[in-house]
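Enquirer: model the following, please.
(2 chains)
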Amino acid sequence: MGAALEIRNLHVSVEGQPILKGVNLVVKQGEIHALMGPNGSGKSTLANTLMGHPAYEVTGGQMIFDGVDMAELGTDERSRMGLFLAFQYPVAVPGVTVANFLRNALNARRKVDNPEDKGVPIPQFRKMMIEKMDLLQMDHSFGGRYLNEGFSGGEKKRAEILQMAMLQPKIAIMDETDSGLDIDALRIVSEGVAKLSSEDLGVLVITHYQRILNHIRPQYVHIMMDGQIVESGGPDLALHLEEQGYDWLREKQANGDA
Amino acid sequence: MATRRRVAREFQAPPLSRADVEALSARHNEPDWLRAQRLAAWDLYESLPMPTTQDEAWRRTDYRHINWDSAGHLPTISANGGAHFEDIPAGSREPLLGEQQGTTLAFVNDHLVYHESAPVLREQGVIVTDLRTAVREHGDLVRQHLMTHAVTPDIDKFAALNAALWTHGVFIYVPRGVQAALPAHSIFYTTQTAATLGHILVVLEEGAQIDYLHESLSPTLDADASFIGAIELIVGVGANLRFVNLQDWGHHMFEFSHQRARVADDGQLDWVTGQMGGKLIKAFMEIDLDGKGSWGRMSALYFPSDQQFMDLDTQQNHNAPYTTSDLLFKGVLKDASRTVWQGMIKALPGAQKTDGFQANRNMIMSDKARADSIPGLEIEANDVRCTHASATGKIEEELIFYLMARGIPRDEAEKLIVDGFFVPVLDRIPFESVRDRMMAYVERKLLGES
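Expert: Numbers count the residues shown, from 1 in each chain, chains lettered A, B, ... in the order given. You can find the predicted model right below:
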């Protein structure tokens, strides 16, 4: 049985302000889910909370990953368990090359399995990195650049997907990976993700737009408004949203509340 | 004394005397000129006041807590001072530059304990020896340069003290047009809670070139010690010196040092320093670009922890036209450590078409640490480009989160960030093995092994 990420009635506050107000969602390995919703609805809060960002305070509910309650787990432990977040705004890491960074990340995983581990052998590492770079149509010189420093928007997003390809997570959350990308960059990035998709990878794609979903085809689409998932459905839901906007959902909500 | 009240402590001078100067000079059978130079410096020393926090250059550096009872005496005298090369930890004794080592000079306290030199350097006429031997064998050369035009005794009381009582030193001389085939390496190591006064004099004649690495090391001892140092770098016309200076004293050491370079026409000086140790460090580092077209670069990485205090005072003097200086000082501070960087770029009226730059960046890893950054410009020429940049901030939590989100534990994430922060300085170190040692120092600091 594959791993699953189960979010149960999750409540989250930022600086005392409630943002998530009872989110329920299950993403299993091998599944692709899309999470859509207007600005400020709490999508990025969900992504950051799942990864354990210290600014986000869980005030209720649970996050279960691979059968383990993540409440007490640090960000690094979550990652090593197989959870991945592709950042919306990846930060620059001055003086640390992409290759050095990736090797450290891989070695951190190996050390958990075996504290005596001497790290992934360099030739094996290089072979793997080049293979993944080719998959994402990245120039091999990329490995020698300082991570995200002076990267274009497209390069940053590709670097995120490269990290995902190298770390081979069980569940990946992609936080607006499509934002700020032109058509070509979007195609390369989303095709890269599509190539990584397998029965061993579950994906939660957070996005405003339908267009990325033409490449990464979700089986499930969820819509978040005001800190809750208000609608779930199949791929048609995203298309419907593209045509109709969010108003019909707002009305439906209002009627439901009345 | 009838009553003994606790009064505000004064800035006291160490309990040294003219007799110490005479005894030192006599013990080593020094030539008259040197004895006279020492005594003149002593007179100057006595006439100068101890620096106090009233002096601008010392405003942030209060050393009144030094215990001169231990830190103010010269090392104990015996046949060889009881000093052996083996006193230096094996890791530091190993030739740092491996196969490419030209010369190793090692001192324990004030004693030369090891001297090995590759024959090729002798064949080239390159002199790398201890200062005392140089006084005997190359007296005219030493006399011409020793404290005559780089670090002069009149700079302040500590410079005068070094001139009067230098206890040991290194002399490097590269003749005209000679590119030294191999680099030089020296070590000052101390094992006593005493005052040592090291002196380094490097002279490159026209068109000469050498790479030189110096290390100051000691274990942490249980009482205060002092190092009153001087470094003089004389770079001749079109000469090229690459100098790396690593300081890793124990946490009992007070260092007061003057380090100054003079660079003639088209000369080049690439100077990197790593500051890791000490209880209190007050180092003046100065480059004088005296000749047209000369170039000087000064880079530092410093990483204090615990209660360490480091005050690095730099000066880039553009004394001639078409001169270029570039300074990059980067520090990481842990625990309750404190640093001061005070840097000045000066351009004399005739120094047209000069380009001076200075940047200082500090990364703070604790709420209790503090870094002061004080850039300064004094420009008297009108056709120059002189700029500075300075930034001090805490290690970024967003960066740590990003690295941890890839499975890297917090301590390793911090290490990566710190290493990356230092990379622009490390990249300026010409030897990979020295870079590696510097990074090992950094790692040891991060692990909290002081």
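
Enquirer: which parts of the helix or strand bottoming out on mean pLDDT in chain B are buried?
Expert: Of all helical and strand segments in chain B, the minimum by mean pLDDT, DSSP states H and E falls on helix B:90-93, at a mean of 83. Within helix B:90-93, the residues that qualify as buried are residue B:93, counting by 16 or more other CB atoms under 10 Å in any protein chain shown. All C-beta atoms are positioned from the backbone trio N, CA, C, and that covers glycine.

Enquirer: quick one: name whatever helix or strand follows that helix.
Expert: strand B:103-108 (DSSP states H and E).

Enquirer: average model confidence for that following strand?
Expert: Mean pLDDT, strand B:103-108: 94.

Enquirer: and what of stretch B:354-369?
Expert: 97.

Enquirer: is it anywhere near chain A?
Expert: No: Stretch B:354-369 is not in contact with chain A by CB under 8 Å from any CB of the partner chain; minimum separation 10.0 Å.

Enquirer: elements contacting the least confident helix or strand of chain B?
Expert: Counting by 3 or more CB pairs under 8 Å, 6 or more residues apart in numbering or on different chains; DSSP states H and E, no packing neighbours are recorded for helix B:90-93 among the helices and strands.

Enquirer: contact partners of that helix?
Expert: B:85-86, B:106, B:114, B:187, B:189, B:215, B:217 (CB atoms under 8 Å, 6 or more residues apart in numbering or on different chains).

Enquirer: can you tell me the element residue B:36 falls in?
Expert: Going by DSSP H and E, residue B:36 is in helix B:32-47.

Enquirer: what about that helix, average pLDDT?
Expert: pLDDT averaged over helix B:32-47 gives 98.

Enquirer: likewise for stretch A:102-121?
Expert: pLDDT averaged over stretch A:102-121 gives 91.

Enquirer: so what's residue B:275 bridging to?
Expert: residue B:247, residue B:302 (DSSP bridges).

Enquirer: okay, now it: neighbour count?
Expert: 26 (other CB atoms under 10 Å in any protein chain shown).

Enquirer: how close does it get to residue B:281?
Expert: As defined by CB to CB, to the nearest Å, residue B:275 lies at a distance of 6 Å from residue B:281.

Enquirer: and if you look at residue B:249?
Expert: 8 Å.

Enquirer: hang on, the earlier thing: common neighbours of residue B:275 and residue B:281, please.
Expert: B:247, B:310, B:312.

Enquirer: just checking, the last one touches residue B:301?
Expert: What it means is residue B:312. No: between residue B:312 and residue B:301 there is no contact under CB atoms under 8 Å: 10.9 Å.

Enquirer: burial measure for the residue in chain A positioned nearest to chain B, as a count.
Expert: The nearest approach of chain A to chain B comes at residue A:95, 2.8 Å away (CB to the nearest CB). Residue A:95 has 21 neighbours, counted by other CB under 10 Å.

Enquirer: what's the answer for the one 3 residues further on, then?
Expert: Taking other CB under 10 Å as the criterion, the count of residues near residue A:98 is 25.

Enquirer: contacts only, for it.
Expert: Shown in contact with residue A:98 (CB under 8 Å, 6+ apart): A:142-147, A:159, A:162.

Enquirer: can I get those in JSON lines including pLDDT?
Expert: Output for those, formatted as JSON lines (pLDDT from 0 to 100):
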{"residue": "A:142", "pLDDT": "93"}
{"residue": "A:143", "pLDDT": "94"}
{"residue": "A:144", "pLDDT": "95"}
{"residue": "A:145", "pLDDT": "96"}
{"residue": "A:146", "pLDDT": "96"}
{"residue": "A:147", "pLDDT": "97"}
{"residue": "A:159", "pLDDT": "94"}
{"residue": "A:162", "pLDDT": "96"}
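
Enquirer: by neighbours, which of those residues wins?
Expert: residue A:147 leads these on contacts (other CB under 10 Å) with 26 neighbours.

Enquirer: which element is the closest residue to residue B:321 other than its chain neighbours on?
Expert: Leaving aside its chain neighbours, residue B:321 sits nearest to residue B:352 (4.6 Å; criterion: CB to CB, 6 or more residues apart in numbering or on different chains). Using DSSP H and E, residue B:352 sits within no helix or strand.

Enquirer: residue B:352 reaches residue B:383, doesn't it?
Expert: Yes: in this structure, residue B:352 is within contact of residue B:383 by CB under 8 Å, at 4.5 Å.

Enquirer: circling back: so which of the shared contacts of residue B:275 and residue B:281 is surrounded by the most neighbours?
Expert: When neighbours are taken as other CB under 10 Å, the top entry among those is residue B:310 (28 neighbours).

Enquirer: the helix or strand containing that one packs against which elements?
Expert: Secondary structure from DSSP H and E places residue B:310 in strand B:309-318. Other helices and strands packing on strand B:309-318, by 3+ CB pairs under 8 Å, 6+ apart, are strand B:280-289, strand B:295-302, strand B:324-333, strand B:338-347, strand B:355-364.

Enquirer: do you know how far the residue nearest to the spatial centre of chain A is from residue A:47?
Expert: Nearest to the mean C-alpha position of chain A, by CA atoms, centre = their mean, lies residue A:173 at 1.8 Å. According to CB to CB, residue A:173 and residue A:47 sit 5 Å apart.

Enquirer: and for the two, which residues touch both?
Expert: Joint contacts of residue A:173 and residue A:47 (CB under 8 Å, 6+ apart) are A:85, A:206.

Enquirer: just the pLDDT for residue 203.
Expert: Since no chain was named, I'll use chain A. Here, the pLDDT recorded for residue A:203 equals 95.

Enquirer: wait, chain B
Expert: You'll see residue B:203 listed with a pLDDT of 98.

Enquirer: hey, what's it bridged with?
Expert: Applying DSSP bridges, one finds that residue B:203 bridges with residue B:173, residue B:234.

Enquirer: list the contacts of it.
Expert: If you count contacts by CB under 8 Å, 6+ apart, residue B:203 has them with B:141, B:145, B:171-174, B:234, B:236.

Enquirer: if we use 10 Å, what do you get?
Expert: The contact partners of residue B:203, taken as CB atoms under 10 Å, 6 or more residues apart in numbering or on different chains, are B:127, B:138, B:141-142, B:144-146, B:150, B:171-175, B:232-236, B:239, B:241.

Enquirer: cool, residue B:402 as well?
Expert: A:51, A:75, A:85, A:87, A:89-93, A:101, A:147-148, B:396, B:408, B:413, B:417.

Enquirer: in ChimeraX, how would I select the buried members of the residues you listed?
Expert: Typed into ChimeraX, the next command selects the buried ones out of the contacts of residue B:402 (criterion: 16+ other CB under 10 Å):
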select /A:51,75,85,87,90,91,92,93,101,147,148 /B:408,413,417
